[in-house]
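how does the following fold in three dimensions:
(one chain, ligands or ions: 1)
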Amino acid sequence: MNTMERRDFLKMAAMTAATAAAQARAGVERTARYTDNHGLTWDKAPCRFCGTGCHVKVGVRSGRVMAIAGAEDADVNKGLLCVKGYHVGGILYGKDRLTEPMLRKNGKLEPIEWEEAIEIIAKRIYDKPKEFAFYGSGQWTIPEGYAAQKFTKGGLSNNHIDPNARLCMASAVTGFISTYGVDEPAGSYDDLDKADVVILWGNNPAEMHPVLFSRIVDRRALGEKVTLIDIGTRRTRSTEFADHYLNFRPQTDLAIANCIANYLLENDKYDKDFVSKHCNFRIDKDDETRDLFGKASTLEEYKEKMSTYTLEYTSQLSGVPMEQLKILCETFANPELKITSLWCMGVNQHYRGTAMNRLLHGIHLLSGHFGKPGDAPTSLTGQPSACGTAREVGTLAHALPGGRLVAKPEHRAACEKVWNMPEGRINPKPGYHTVKMFEKFCTPTAEGGDVSTLFVQVTNPGQSLPNLYKLFEAKKNLEDKFLIVSEVYPTASTEIADLVLPASLWVEKNGIYGNSERRTQQWFKQVEPPGEARDDCWMTIAIARKLYDMGFPGMKDKDGQFIFTFKDEDGEEVPVWDFESYYDINVDKALYEEYRPLTHAKQKNVAPYDILVNAHGLRWPVVETKDGNWRETRFRFSEFDDPFVKKGTGIQFYNSTTKDDKAQIWFCPYEPAPEEPDSEYPFWLSTGRVLEHWHTGSMTMRVKQLKNAMPKAYVELNPEDAAEKGITNGDLVKLTTKRGEMVMPAWINGRGRPPRGAVFVPFFDEKQLINRLTLDATCPVSKEPDYKKCAVKVEKYNPKEKKELP
Ligand code: SF4
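Take a look at the predicted model:
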């Protein structure tokens, strides 16, 4: 046996022992785990990619993931997976996996030991704790995010921590909170099985949430009538299934939502009983003081504000014919129908994202299409744990676990108590949100750039941030700034990092995710990571321990104990900061069980860890029943299903911002986009994903089948625009915005079909960083950037110009 074989063998043996030990310590039998007669050991895990949260069966043999299948007994996907899900195992085995820590020396990344890497990070934080920022992810597992949160907000008294979910879900969060006083959807995927009408608001689930979309399409195949209305700015694969397609001018979706409300009011077709019992009215402020709460309003004032949005006015503004608008309005006016609205990035990555989220909730509330199976306003998430880790754990710069806020003394006190930290440890001032964090990091220290060390985990900001030259690449010229990136593959982020840390991925570690429908999903480590790759959660704990050893006061609790102290069954402290001991106990379970009581404040009660071990996830609030079982909730705020609703109320918004158990119906006006086409930049540019690739493609581009199916980015053009410019399929096209320029091939009449005056580019291709061109303007309330619209010039490319390009 040569050295490598022996090492692999020892790792495998250790893995088997650790798995058995973890099972025993979990205190429950793992019923999902079995070995078949081909020698494959099967276990469960959620898919690594989108927020749908499908459940896969992972087949392991000889320490390697060999097979993937959909879990037939999982409610979310009932055995189905999309093309990405079927290939999820392949993401572990790209040839260029990062396997050792690397430090940039004289411009080149060179291998170093883990000990040195942890020491370098700890020293930088020790010297300037207030200049440290932590940038995380909706792909962080719940324990990873919780540990990072406790480390930064509790250990460093520094709130500069934000997840990449700021770039995708922040407007949904502010929309939910300002409407219901609490985040996350009231309904669940069960609504899709009951709805008569499904409305897609700037949403393309056929490519982005394919398994969910198949639930709708399957119902039709079984002979059920489900009407699909697609409201978008370009035709997509979802449009091919739609009964009605409403193409609107970008940004005017606000006017369309207001038009529906106005129609219901003018025609006396709103649900008076539901509104009088369960709703208040609010009006958005119209200046820079815009916030979560707006101004209280009467029905009369709300009506008067809405009266502008007639069918005629809205049609002129949006370009949607009046007859189509009327069909939409009449749909909401019909109390016999069950209507589910679905939205995702088209509504969230929007300069008026908070407003648009509020308006969608508002038209469901006003029409009474709420709180019954099939009647629901439902926002979807793009990432597998945007809900679980970013929103529930509260890793956003202003938040704390369980829907709490750093600005509220009682919320800080509750966390300090659970963390056994002295009063006043948590800083009351919100930290930097994502765009601000990177602005500060990329600004010279002498000019106010007061973030000097930035740690990135489980995300790729070098490709996903907007306006990349300004918000990411400007760092290259700043000698005193230090970028740490924990990654699994080389990316645009590791390209300029000073320190690169190799990370474990998916079933190479224990994990817990929370999907779009409030479902918390647990899995166990099933294979070893390659080389020296290690868990992100371990990295955070190891840095904390090094700071503790250096005498950093924040890494001690009130009793002088290390803030990440974990004891074994004999009460002995386990040195989990030493990776050899990390799996001697189940750190995930320990962190999750510490976090779990914090979820009770706003009735987000998650299930105990041991219960999750043998479930395909459970939707919170999860409560214990008299017989000792644990019961999930499919429909929040509805008496028939939500255990927290008072008997006899029917519907109760028990987290209401107005403390009267009522939701808020908002008026938010249409306003022009921050950058609109003009004579120099006459087209709209929108960006997004494709079916085959997930986000920046750093994982899916390593899977041969997915890469071959969609190898590179392209620009979608309308055929008439293309003909006018002499562009045919495959011709190179130059795109220029105020921020930069880029060349890529044209795809005309392809998968997506923009209207005249608009182009679309996917963002998965690391060789074509389209976000160098996008705008960094954010929603004033959520601080989420608008990736869906900026002004662009479109030209047929002359190859002689090539050397002038960036
Ligand atoms: S729909 Fe999403 S969660 Fe389901 S298999 Fe596809 S990528 Fe994975």
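
next, the contact list for residue 633, please.
518, 619, 620, 621, 622, 623, 641, 642, 643 (Cβ atoms under 8 Å, 6 or more residues apart in numbering). For every residue, glycine as well, the C-beta is placed using N, CA and C.

close to the ligand: what parts of the stretch 51-200 of the chain are there?
52, 53, 54, 77, 81, 82, 84, 85 (Cβ under 6 Å from any ligand atom).

follow-up on the earlier one: are any of the contacts of residue 633 buried, and if so which?
Buried residues within the contacts of residue 633, defined by neighbour count using 16 or more other Cβ atoms under 10 Å: 518, 619, 620, 621, 622, 623, 641, 642.

hang on, the earlier thing: got the contacts of residue 633 as a markdown table, with secondary structure and distance to residue 280 columns?
What follows is those, written out as a markdown table (DSSP: H, G, I helix; E, B strand; the rest coil; distance: Cβ to Cβ, whole Å):
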| residue | secondary structure | distance to residue 280 |
| --- | --- | --- |
| 518 | coil | 25 |
| 619 | strand | 27 |
| 620 | coil | 26 |
| 621 | coil | 24 |
| 622 | coil | 30 |
| 623 | strand | 28 |
| 641 | coil | 24 |
| 642 | coil | 20 |
| 643 | coil | 25 |
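
which among these gets closest to residue 726?
Closest to residue 726 out of the contacts of residue 633 is residue 518 (51.5 Å), distances taken as Cβ to Cβ.

pretty sure the closest one contacts residue 619?
Yes. The criterion here is Cβ atoms under 8 Å, and residue 518 meets it with residue 619 at 4.5 Å.

which residues do the two both contact?
The contact lists of residue 518 and residue 619 share 188, 633, where a contact means Cβ under 8 Å, 6+ apart.

what's the end-to-end length of stretch 761-776?
Terminal residues of stretch 761-776 are spaced 17 Å apart (Cα to Cα, to the nearest Å).

tell me the buried residues in that stretch?
761-766, 768-776.

can you tell me if that stretch touches the ligand.
No. Counting by Cβ under 6 Å from any ligand atom, the ligand has no neighbours in stretch 761-776; the shortest distance is 13.2 Å.

which elements pack onto the helix or strand residue 360 falls within?
Assigned by DSSP states H and E, residue 360 belongs to helix 353-367. When contacts are defined as 3 or more Cβ pairs under 8 Å, 6 or more residues apart in numbering; DSSP states H and E, helix 353-367 sits against helix 170-180, helix 253-266, helix 272-278, helix 322-333, strand 339-343, helix 345-348, strand 376-379, strand 663-667.

indicate which one of those is closest to residue 747.
Judging those by Cβ to Cβ, what sits closest to residue 747 is helix 345-348, at 20.0 Å.

could you give the mean pLDDT of that closest one?
Here helix 345-348 scores 96 as its mean pLDDT.

again, but for stretch 162-175
Rounded mean pLDDT across stretch 162-175 is 97.

what is the burial count for the residue of the stretch 151-300 of the chain found nearest the ligand?
Nearest residue of the stretch 151-300 of the chain to the ligand: residue 211, at 3.9 Å (Cβ to the nearest ligand atom). Residues within reach of residue 211, counting by other Cβ atoms under 10 Å, total 21.

same question for the one 10 residues further on.
Applying other Cβ under 10 Å, we find 8 other residues in the vicinity of residue 221.

going forward, count from 3.
Taking 3 as the first residue, the last one we looked at is residue 223.

immediately after the lengthiest strand in the chain, which helix or strand?
Determined from DSSP state E, the single longest strand within the chain is strand 742-750. Next along the chain after strand 742-750, taking DSSP H and E as the criterion, comes strand 760-764.

on contacts alone, who are the packing partners of that following strand?
strand 685-690, strand 717-719.

give me the residue from the stretch 453-602 of the chain nearest the ligand.
Closest point on the stretch 453-602 of the chain to the ligand, by Cβ to the nearest ligand atom, is residue 517, at 8.0 Å.

how many neighbouring residues does that residue have?
Around residue 517 there are 28 residues (other Cβ under 10 Å).

for the chain, what lies in contact range of the ligand?
So the chain meets the ligand at 49, 51-52, 54-56, 79, 83-84, 86-87, 211-213 (Cβ under 6 Å from any ligand atom).

mind redoing it with 8 Å?
48-56, 58, 72, 78-79, 82-88, 90, 211-214, 386, 517, 696 (Cβ under 8 Å from any ligand atom).

out of those residues, which are buried?
Using 16+ other Cβ under 10 Å, the buried ones in these are 48-56, 58, 72, 78-79, 82-84, 86-88, 90, 211-214, 386, 517, 696.

please flag which of the residues you listed sit within strands.
Using DSSP E, these in strands are 48, 58, 72.

quick one: end-to-end distance for stretch 783-793.
Start-to-end, stretch 783-793 (Cα to Cα) is 23 Å.

how many other residues sit next to the closest residue to residue 322 other than its chain neighbours?
In this structure, residue 322 finds its nearest non-sequential neighbour in residue 248, 4.8 Å apart by Cβ to Cβ, 6 or more residues apart in numbering. Here the number of neighbours of residue 248 (other Cβ under 10 Å) works out to 22.

pLDDT weak spots in this protein?
Low-confidence segments of the chain (pLDDT under 70): 3-30, 802-808.

and the residue of it closest to the ligand?
residue 87 (2.4 Å).

just to revisit the earlier point, out of the buried ones among the contacts of residue 635, flag the one nearest to residue 701.
residue 520 (25.3 Å).

for that closest one, what are its contacts?
Taking Cβ under 8 Å, 6+ apart, one finds 186, 187, 190, 389, 606, 621, 622, 635, 638 in contact with residue 520.

the fifth one contacts residue 395, doesn't it?
No. In this structure residue 606 lies outside contact range of residue 395 using Cβ under 8 Å: 10.5 Å.

ok, these two, which is more surrounded?
Neighbours around residue 606 and residue 395, counted as other Cβ under 10 Å, are more numerous at residue 395. The numbers are 33 against 24.

if we can go back for a sec, for the residue of the stretch 453-602 of the chain closest to the ligand, which non-adjacent residue is spatially closest?
Residue 517 sits nearest to residue 55 (Cβ to Cβ, 6+ apart), 2.7 Å away.

is it true that that neighbour touches residue 524?
No. Contact between residue 55 and residue 524 fails when scored by Cβ under 8 Å: they sit 12.0 Å apart.

common neighbours of the two, please.
residue 619.

ok, residue 396 touching residue 152?
No. Between residue 396 and residue 152 there is no contact under Cβ under 8 Å: 11.0 Å.

of the two, who's got more company?
Between residue 396 and residue 152, counted using other Cβ under 10 Å, residue 396 has the larger neighbour count: 28 against 24.

so residue 794 sits in a strand?
Yes. Counting by DSSP: H, G, I helix; E, B strand; the rest coil, residue 794 falls inside a strand.

tell me the contacts of the closest residue to it other than its chain neighbours?
Excluding its sequence neighbours, the residue lying closest to residue 794 (Cβ to Cβ, 6+ apart) is residue 687, at 3.9 Å. Counting by Cβ under 8 Å, 6+ apart, residue 687 touches 737, 739, 760, 761, 762, 763, 775, 776, 791, 792, 793, 794.

Serialize those to JSON lines and add fields for distance to residue 36.
Compiled in JSON lines, these are given as follows (distance: Cβ to Cβ, whole Å):
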{"residue": "737", "distance to residue 36": "52"}
{"residue": "739", "distance to residue 36": "54"}
{"residue": "760", "distance to residue 36": "51"}
{"residue": "761", "distance to residue 36": "50"}
{"residue": "762", "distance to residue 36": "45"}
{"residue": "763", "distance to residue 36": "45"}
{"residue": "775", "distance to residue 36": "50"}
{"residue": "776", "distance to residue 36": "47"}
{"residue": "791", "distance to residue 36": "50"}
{"residue": "792", "distance to residue 36": "52"}
{"residue": "793", "distance to residue 36": "57"}
{"residue": "794", "distance to residue 36": "54"}
